[in-house]
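K.L.:
This is a predicted model, with the sequence first.
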Amino acid sequence: MEKVFENDFMLKYFNIIQALSRSALATPNEAIVHQIKRLKESLEKDGFTKEAKSLDALMESSESALDMSPSKIQRSFIALKGEELTHKTTMPVDKETSTPLAEIFFPNDLPEKAPIFDENIQLAIQTIVNEWKKFDELLEINATPASSCLIYGAPGTGKTHLAKWIARQIGIPVVLARLEGLMSSYLGTTSRNIGNLFAFANRYKCILLLDEFDAIAKLRNDPQEVGEVKRVVNTLLQSLDSRHEKGFTIGVTNHESLLDPAIWRRFDIQIEIPNPSLEVIIRLLKHFTSPLEFNESEIKFLAWCLEGSSGADAEMLSKWLKRAFVIEKGSNIVEVMKQFALLNSGRVDTKKRNIMLHRDEDFMGLLLNDKVFSFKQKDIASLFGMTPSNLSKHLSKFKDSEKI
Ligand SMILES: Nc1ncnc2c1ncn2[C@@H]1O[C@H](COP(=O)(O)OP(=O)(O)OP(=O)(O)O)[C@@H](O)[C@H]1O
Ligand SMILES: [Mg+2]
């Protein structure tokens with residue numbers, strides 16, 4: 001080819017060549033990489049240095065993406081049977097509505113931060129994770145890790161977060177299905193959806209995460225549906241049995257009492273996640289309010305307001321505090337919490353809420369008399385923006401006026 005013509009040719013087509021290479025490298029294999037290397041070397045030889053470099057850069061970024069791809073993370077699961085899930089794998093759908101039966105999450109899409117629980121729960125969870133991390137070693141001595149786990153407990157306590165975090169620790173993709181999404185009003189479709197979902201999960205190396213597992217139980221409320229319920233529960237039992245030695249299955253529910261005992265028994269491990277203890281609420285508040293800084297009596301006061309609430313409530317309150325303290329830098333924490341109590345009636349205990357929203361003196365008295373939190377006069381004074389001596393004078397004056 002004549003030089004001038006060659007240059008024109010390159011200018012005209014290189015953008016397309018580059019785009020083609022980029023698309024091919026999105027799902028690279030040895031043959032693709034080999035051909036692009038050949039092209040790069042020819043370009044270099046013919047003096048198209050800039051173009052050769054741009055192909056080099058494409059290959060480099062594809063290599064680093066490859067290093068982070070799920071298949072590289074799955075190194076320790078060589079012995080786990082099944083095909084590899086990729087971003088291209090198609091999910092079966094509900095025949096009636098065409099909605100996918102589940103979502104796929106790769107380890108990098110899952111939460112990195114461990115949920116915060118009491119130490120004993122944290123230790124129990126770590127045991128499950130460790131068993132799966134040693135999967136191949138266990139297999140060498142003919143043992144396998146627990147293959148299923150039911151996580152149950154009050155709403156908003158971090159169960160779904162925990163299930164996803166466990167999956168990230170284990171390091172294989174998750175097939176996440178909300179059972180509600182598999183249910184259909186067409187006779188037989190729910191069972192078919194369950195069957196198809198499990199067939200899909202059994203085909204691939206994955207963790208099957210069944211969220212809102214109790215949805216099946218809701219069918220029972222409909223007397224018309226007795227036959228259908230039986231069919232669905234049977235399918236579910238058979239499907240759960242079919243998961244043995246296929247991969248880890250995690251069920252999550254906050255209505256464990258609605259679960260059929262036979263389903264309950266199918267799970268090797270059952271973990272109850274209770275509402276957070278006082279110590280956990282304090283850790284959650286510190287975690288969620290960061291980078292805002294509260295002193296110990298303020299954190300204790302926030303925990304007092306949230307007593308008996310869930311981790312999700314602590315997260316919600318923290319967002320509220322961030323907004324309040326950004327909009328008005330010098331806000332008083334007691335005033336902010338009164339607003340919170342007023343507009344979040346379900347998140348603050350009714351008795352506490354009524355007193356908080358009534359008279360400050362009653363509010364102070366309630367805090368001072370709290371046996372669990374044992375606030376000192378100086379804590380209350382700093383919360384209400386007073387000096388301790390002003391606070392005691394104020395309270396004694398108030399008591400005197402009450403006597404009149
Ligand atoms: N113990 C916890 N540690 C960390 N984050 C938590 C904790 N509890 C709740 N959260 C946070 O609260 C939110 C709700 O949590 P999640 O959805 O996991 O709760 P859940 O128990 O599955 O609730 P539900 O029963 O309503 O499905 C999430 O943003 C989660 O990160
Ligand atoms: Mg949940």
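P.N.:
Arrived safely, thanks for sending. Ligands and ions are numbered 1, 2, ... in the order given.
K.L.:
So which residues on the stretch 201-350 of the chain come close to ligand 1?
P.N.:
254, 276, 284, 311-312, 315 (C-beta under 6 Å from any ligand atom). Heads up, the C-betas are built off the backbone N, CA and C, glycines and all.
K.L.:
Tell me how many other residues surround the residue lying closest to S310 once chain neighbours are set aside.
P.N.:
Once flanking residues are discounted, S310 sits nearest to G156: 3.5 Å by C-beta to C-beta, 6 or more residues apart in numbering. Other residues within reach of G156, judged by other C-beta atoms under 10 Å, total 20.
K.L.:
K352 now?
P.N.:
19.
K.L.:
separation between it and T289?
P.N.:
As judged by C-beta to C-beta, to the nearest Å, K352 and T289 stand 20 Å apart.
K.L.:
picking up where we left off before, nearest to ligand 1 among the residues of the stretch 201-350 of the chain next to ligand 1?
P.N.:
Lowest distance from ligand 1 to these (C-beta to the nearest ligand atom) belongs to G311, with 2.1 Å.
K.L.:
Skip the chain neighbours and tell me the closest residue to that closest one.
P.N.:
Leaving aside its sequence neighbours, G311 sits nearest to G158 (C-beta to C-beta, 6+ apart; 4.8 Å).
K.L.:
burial of the one you found, as a residue count?
P.N.:
Residues lying near G158 (other C-beta under 10 Å) number 24.
K.L.:
what sits against the closest residue to ligand 1 within the stretch 151-300 of the chain?
P.N.:
Using C-beta to the nearest ligand atom, the closest approach of the stretch 151-300 of the chain to ligand 1 is made by G158 at 2.8 Å. Residues counted as contacts of G158 (C-beta atoms under 8 Å, 6 or more residues apart in numbering) are 115-117, 273, 311-312.
K.L.:
Over to G308?
P.N.:
275, 349.
K.L.:
Does I32 lie in a helix or a strand, and which?
P.N.:
Using DSSP states H and E, I32 maps to helix 30-45.
K.L.:
Mind listing what's buried along that helix?
P.N.:
Residues of helix 30-45 classed as buried: 32-33, 36, 39-40, 43 (neighbour count, 16 or more other C-beta atoms under 10 Å).
K.L.:
And stretch 237-257, by the same measure?
P.N.:
By neighbour count with 16+ other C-beta under 10 Å, stretch 237-257 contains the buried residues 239-240, 243, 246-254, 256.
K.L.:
repeat for stretch 349-363
P.N.:
Buried, per 16+ other C-beta under 10 Å, within stretch 349-363: 349, 352-353, 355-356, 363.
K.L.:
Now that stretch: average pLDDT?
P.N.:
On average, the pLDDT along stretch 349-363 is 90.
K.L.:
Name the residues that touch it?
P.N.:
Stretch 349-363 has contacts (C-beta under 8 Å, 6+ apart) with 304-305, 307-308, 334, 337-338, 341-342, 345, 348, 366, 384, 394-395, 398.
K.L.:
mind checking how far that stretch is from the chain centre?
P.N.:
35 Å (C-alpha atoms, centre = their mean, to the nearest Å).
K.L.:
quick one, domains of this protein?
P.N.:
Using automatic domain parsing, the domain ranges for the chain come out as 3-68, 103-273, 278-403.
K.L.:
still on that earlier bit, could you measure from the residue nearest to S310 over to S309?
P.N.:
Distance, G156 to S309, using C-beta to C-beta: 8 Å.
K.L.:
same question, R178
P.N.:
With C-beta to C-beta as the criterion, R178 and S309 are 24 Å apart.
K.L.:
quick one, which of those two is more surrounded?
P.N.:
Legend: neighbour count by other C-beta under 10 Å for R178 and S309, higher for S309 (24 against 18).
K.L.:
Name the nearest residue to the more buried one, ignoring sequence neighbours.
P.N.:
Nearest non-adjacent residue to S309, counting by C-beta to C-beta, 6+ apart: R347, 5.6 Å away.
K.L.:
Quick one: the helices in the stretch 1-150 of the chain, in order.
P.N.:
For the stretch 1-150 of the chain, helices defined by DSSP state H, counting those that start in this stretch occupy the ranges 3-26, 30-45, 49-68, 70-73, 119-133, 135-140.
K.L.:
quick check, nearest of the buried residues of helix 30-45 to I141?
P.N.:
Nearest to I141 among these: V33, at 38.8 Å, using C-beta to C-beta.
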